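[1] Sequence first, predicted coordinates after that:
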Amino acid sequence: MALPSISRLAARGRCLTSSKQFTVTRAVHNRIPSSSYSTAASSDNVINIVEVGPRDGLQNESAVIPPATKVELINKLGRAGSRIIEAGSFVSPKWVPQMAGTAEILKKMDKLPDVKYQVLVPNEKGLENLFALLDENPDKPLVDEIAVFTAATDEFSKANTNTTVAESLEKLSRVTRASLERGIQVRGYVSVVITCPYSGKVDPARVRDVTKALLDMGCYEVSLGDTVGTGSPTTVSRMLDSVMSVNPVRKLAGHFHDTFGMGVVNAVTAVDAGIRTLDSSIAGLGGCPFSPGATGNVATEDIIYAFRDSKYRIAGDLEALVDTGFWISDLLKRDNSSRVAKAIRARRERDRQPKAKL
Ligand SMILES: CC(C)(COP(=O)([O-])OP(=O)([O-])OC[C@H]1O[C@@H](n2cnc3c(N)ncnc32)[C@H](O)[C@@H]1OP(=O)([O-])[O-])[C@@H](O)C(=O)NCCC(=O)NCCSC(=O)C[C@@](C)(O)CC(=O)[O-]
């Protein structure tokens, strides 16, 4: 990916990132009673959560979800303390019909000043559509960043975006450059970092190299996706050792699906390895349309609970997030996949029972 101006643009992207550091206000703290939050992203004790529920969580739902519901979900998450929200995607509606209304959602959602909103963009067409929307709405900064995505295997990349990995990196370098030129920072995803649903076990060296290509083209961070959710602490550690041998850990994030119930332990493994950004989905919503059998992301509620009473600080009001998770699960008529949310609801019900007289 040796495009001449990429490293210069990457440097600009980094400056943008630091100029966008958010200031914590008393009002924000007041809204987040159950956990403290600092935006000092360099602090070793802060874990950032990227809430992917409105995008990764909803993209696989077969029933049409009205845009107003998606807007309300995004607003509820922001009010419950989520600080980075993936709000939708500018992918082809023929490929992922559920994401078709993203432009309308961005226009209608509340854009909270202390929340960073990102959208997924697969190619130049998607970026053109996003730029057209931004041009039509010059007074409202609708998004803070985009996310581009590729995979560690050609087989998955073909199924997901109709390109090989090499072709996709070439396309994404153009998308990244154009986005950075417009002052919009870019996050990258690598899918199938442990197992590919089409070709099996994935060589960690492939993940290492694709991650490096995304960082070299100017992504400020790369999220490592266990798309299928087969990872365990051993395989995740092995993959991270390889990726971290050439890529700075502070530019990596963990994105774990919970198919085998390993989402939380894999997230803890990633944090132990030095990663400080985790992707998760409210109520564990989700699944990738091109990863048959995979379930949703690890639940946001479970991640927040896992680090409670630890040295780490994570933004988010757990009780409000539990309410949001049950609200959306009930609307979608699906089971809430968060064990923590279920336990908290059971505790609330017990607390409501009249106490037996001694
Ligand atoms: C990349 C493409 C578009 C290539 O799809 P393609 O069919 O090869 O595209 P094309 O360039 O040949 O264009 C075909 C038609 O689609 C249109 N088109 C082309 N691009 C767009 C666009 N952006 N928005 C709207 N329309 C578009 C284009 O204009 C044309 O329209 P026509 O001339 O036939 O009327 C397609 O494969 C696609 O949209 N794939 C998206 C797949 C997807 O969204 N997957 C889920 C997200 S990734 C994920 O979930 C994993 C992640 C990130 O969460 C991490 C993890 O867990 O691993």
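    Nice, thanks for sending it over.
[2] so Trp327 touches Leu77, yeah?
    No: between Trp327 and Leu77 there is no contact under Cβ atoms under 8 Å: 10.6 Å. The C-beta positions use only the backbone N, C-alpha and C, and glycine is treated the same way.
[3] So if I had to pick from those two, which one is more boxed in?
    Under the criterion of other Cβ atoms under 10 Å, the comparison of Trp327 against Leu77 puts Leu77 first, with 27 against 17.
[4] can you list the weak-confidence ranges in the stretch 251-358 of the chain?
    For the stretch 251-358 of the chain, the stretches flagged by pLDDT under 70 are 356-358.
[5] can you tell me the residue of it closest to the ligand?
    Cys288 (4.1 Å; Cβ to the nearest ligand atom).
[6] what sits against that residue?
    56, 59-60, 160, 191, 227, 257, 294 (Cβ atoms under 8 Å, 6 or more residues apart in numbering).
[7] Redo the residues you listed as TSV? Include secondary structure.
    What follows is those, written out as TSV (DSSP: H, G, I helix; E, B strand; the rest coil):
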residue	secondary structure
Asp56	helix
Gln59	coil
Asn60	coil
Asn160	helix
Ser191	strand
Thr227	coil
His257	strand
Ala294	coil
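[8] How many residues are close by the residue lying closest to Lys70 once chain neighbours are set aside?
    Distances taken as Cβ to Cβ, 6 or more residues apart in numbering put Ile105 closest to Lys70, at 5.1 Å, once the chain neighbours are dropped. Ile105 has 21 neighbours, counted by other Cβ under 10 Å.
[9] In a strand, Ile105, correct?
    No: counting by three-state DSSP, one finds Ile105 to be helix, located in no strand.
[10] which bits of the chain sit near the ligand?
    56, 59, 89-92, 95-96, 120, 122-123, 125-126, 129, 149, 160-162, 189, 191, 225, 227, 255, 288, 290 (Cβ under 6 Å from any ligand atom).
[11] from the residues you listed, which ones fall inside strands?
    Secondary structure assignment by DSSP state E places 89, 120, 149, 189, 191, 225, 255 of those in strands.
[12] Okay, helices next: where are they in the protein?
    With helices called from DSSP state H, the chain shows them at 6-19, 26-31, 67-79, 102-108, 124-136, 154-161, 165-181, 204-217, 233-244, 263-272, 300-306, 318-332, 339-352.
[13] Could you pull up the contacting residues of the nearest residue to Leu252 once chain neighbours are set aside?
    Nearest in space to Leu252, with sequence neighbours left out and distances taken as Cβ to Cβ, 6+ apart, is Ile275 at 5.3 Å. Applying Cβ under 8 Å, 6+ apart to Ile275 gives the contacts 240, 249, 252-254.
[14] 10 Å instead, please
    Contact partners of Ile275, counting by Cβ atoms under 10 Å, 6 or more residues apart in numbering, are 47, 223-224, 240, 243-244, 249-254, 267, 269.
[15] What values do phi and psi take at it?
    phi -70, psi 140 (degrees, to the nearest 10).
[16] Next, work out how far apart it and Val246 are.
    Note on Ile275: its distance to Val246, by Cβ to Cβ, to the nearest Å, is 15 Å.
[17] Need phi/psi at Gln307.
    No Gln there; residue 307 is Phe. Torsion angles, degrees, to the nearest 10, at Phe307: phi -100, psi 10.
[18] Not counting residues beside it along the chain, what's closest to it?
    That would be Ile314: by Cβ to Cβ, 6+ apart, it lies 5.7 Å from Phe307.
[19] try Ser89
    Leaving aside its sequence neighbours, Ser89 sits nearest to Leu120 (Cβ to Cβ, 6+ apart; 3.5 Å).
[20] again, but for Leu240
    Excluding the flanking residues, the one nearest Leu240 by Cβ to Cβ, 6+ apart is Ala273, at 4.8 Å.
[21] Backbone dihedrals for the residue nearest to Phe307, please?
    Dihedral pair for Ile314: phi -130, psi 140, per degrees, to the nearest 10.
[22] isn't it right next to Glu301, touching?
    No: here Ile314 does not reach Glu301: they are 11.2 Å apart, not a contact under Cβ atoms under 10 Å.
[23] Spit out the residues that contact Trp327 and Leu77 alike.
    Ile282.
[24] and the contacts of Ile275, which are buried?
    Among the contacts of Ile275, those scoring as buried are 47, 223-224, 240, 243-244, 251-254, 267, 269 (criterion: 16 or more other Cβ atoms under 10 Å).
[25] mind checking how far stretch 317-331 is from the chain centre?
    18 Å (Cα atoms, centre = their mean, to the nearest Å).
[26] Please identify the buried residues of that stretch?
    For stretch 317-331, burial by neighbour count (16+ other Cβ under 10 Å) applies to 317-318, 320-329.
[27] returning to what we had before: just the helices of the chain: most buried one?
    Highest mean neighbour count among the helices of the chain (mean count of other Cβ atoms under 10 Å): helix 300-306, with a mean of 25.
[28] Using PDB, write out the CA atom coordinates for that helix.
    Taking Å, rounded to 0.1, in the frame of the first residue of the first chain, the C-alpha atoms of helix 300-306 are listed here in PDB:
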ATOM      1  CA  THR A 300     -22.000  -4.100  26.500                       C
ATOM      2  CA  GLU A 301     -23.600  -4.800  29.900                       C
ATOM      3  CA  ASP A 302     -21.400  -7.900  30.400                       C
ATOM      4  CA  ILE A 303     -18.200  -6.000  29.500                       C
ATOM      5  CA  ILE A 304     -19.000  -3.200  31.900                       C
ATOM      6  CA  TYR A 305     -19.800  -5.600  34.700                       C
ATOM      7  CA  ALA A 306     -16.600  -7.700  34.000                       C
END
